[in-house]
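> No sequence on hand, only this structure:
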């Protein structure tokens, strides 16, 4: 079964540092998403990406966040100048045109900011 | 602010019983509803989707939607210990296919 692959599985970074979270969506999918889940809290939408551009972003997705699809396979989330409150599980998801809500989630990256 | 509300639980049922999970949503523009299962430390896994009023059955799972009451439920029949997980309700709407999740209900099925 096709998978969404996320790396790394766990990242520890110092406050103020930049991190890049990487995702390889399913190859024929066209819609890409980042969500995050702070421990014990809801899964929260960050950003959606379609046709090589951001289609929607949440209030959380401020100037410290950016997304890129640098080549045909990778989809990255960059967090500049990380804060303690950025510590969370970050999930990438993708879906196809025939079933745009049929998300496949990656296994997540646990980001710990110290 | 679009909200999806769920009882956080925990909901505890004996093996073989029916587990009933409930969810309400605030945005009448929501058109699509989903139940995800999430094991501790893992990613959400889609188990049911429902788009129209009424019931939808898939194996041991039945999703129910009542748009007038803005209410979604999930019934799990013949509950198994492996069903023990957090169940997330999610609502979708709009052209960008964003999901709004509830906080989840922790279900424990006791052998």
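Happy to help now that I have it. These figures come from a predicted structure and were not determined experimentally.

> center of chain A, which residue is that?
For chain A, residue A:34 is the residue whose C-alpha lies nearest the centre (Cα atoms, centre = their mean; 3.3 Å).

> wait, isn't it in contact with residue A:92?
Yes: in this structure, residue A:34 is within contact of residue A:92 by Cβ atoms under 8 Å, at 5.9 Å. Placement of C-beta: from N, CA and C, glycine included.

> so what sits against both of those two?
A:21, A:23, A:77 (Cβ atoms under 8 Å, 6 or more residues apart in numbering or on different chains).

> Which residue comes closest to residue B:14 once chain neighbours are left out?
Leaving aside its chain neighbours, residue B:14 sits nearest to residue B:110 (5.4 Å; criterion: Cβ to Cβ, 6 or more residues apart in numbering or on different chains).

> who's in contact with that neighbour?
Contacts of residue B:110 (Cβ under 8 Å, 6+ apart): B:12, B:13, B:14, B:15, B:81.

> Residue B:47 now?
By Cβ under 8 Å, 6+ apart, the contact list for residue B:47 reads B:35, B:36, B:37, B:58, B:61, B:74.

> I'd like to know the beta-bridge partner residues of the residue nearest to the fourth one when sequence neighbours are not counted.
Spatial nearest neighbour of residue B:58, excluding adjacent residues (Cβ to Cβ, 6+ apart): residue B:48 at 6.1 Å. When bridges are assigned using DSSP bridges, the partners listed for residue B:48 are residue B:35.

> circling back: widest-spaced pair of the contacts of residue B:47?
Longest distance between any two of the contacts of residue B:47 is 13.8 Å, between B:36 and B:58; criterion Cβ to Cβ.

> Pick out whichever of these two has more residues nearby.
Per other Cβ atoms under 10 Å in any protein chain shown, whichever of residue B:36 and residue B:58 has more neighbours is residue B:36, with 24 against 11.

> Test my guess that the more buried one contacts residue B:88.
Yes: counting by Cβ under 8 Å, residue B:88 is a contact partner of residue B:36 at 4.2 Å.

> Overlap of the contact sets of the two?
B:44, B:101.

> can you list the residues of chain A near chain B?
A:31, A:33, A:35, A:41-45, A:48, A:50, A:55-56, A:89, A:91, A:95, A:100-103, A:105-108 (Cβ under 8 Å from any Cβ of the partner chain).

> hmm, back to that, which ones among the contacts of residue B:110 are found in strands?
B:12, B:13, B:14 (DSSP state E).

> Most neighbours of all the residues you listed, which one?
When neighbours are taken as other Cβ under 10 Å, the top entry among these is residue B:13 (17 neighbours).

> For it, give me its contacts.
So residue B:13 contacts B:19, B:79, B:107, B:108, B:109, B:110 (Cβ under 8 Å, 6+ apart).

> mind checking how far the residue of chain A positioned farthest from its centre is from residue A:31?
In chain A, the residue that sits farthest from the middle, by Cα atoms, centre = their mean, is residue A:98; the gap is 21.9 Å. Applying Cβ to Cβ, to the nearest Å, the value for residue A:98 to residue A:31 is 11 Å.

> The residue nearest to residue B:58: how many residues sit nearby?
Neighbours around residue B:48, by other Cβ under 10 Å: 20.

> what's the answer for residue B:45, then?
If you count neighbours by other Cβ under 10 Å, residue B:45 ends up with 15.

> One more: residue B:59?
Using other Cβ under 10 Å, residue B:59 has 10 neighbouring residues.
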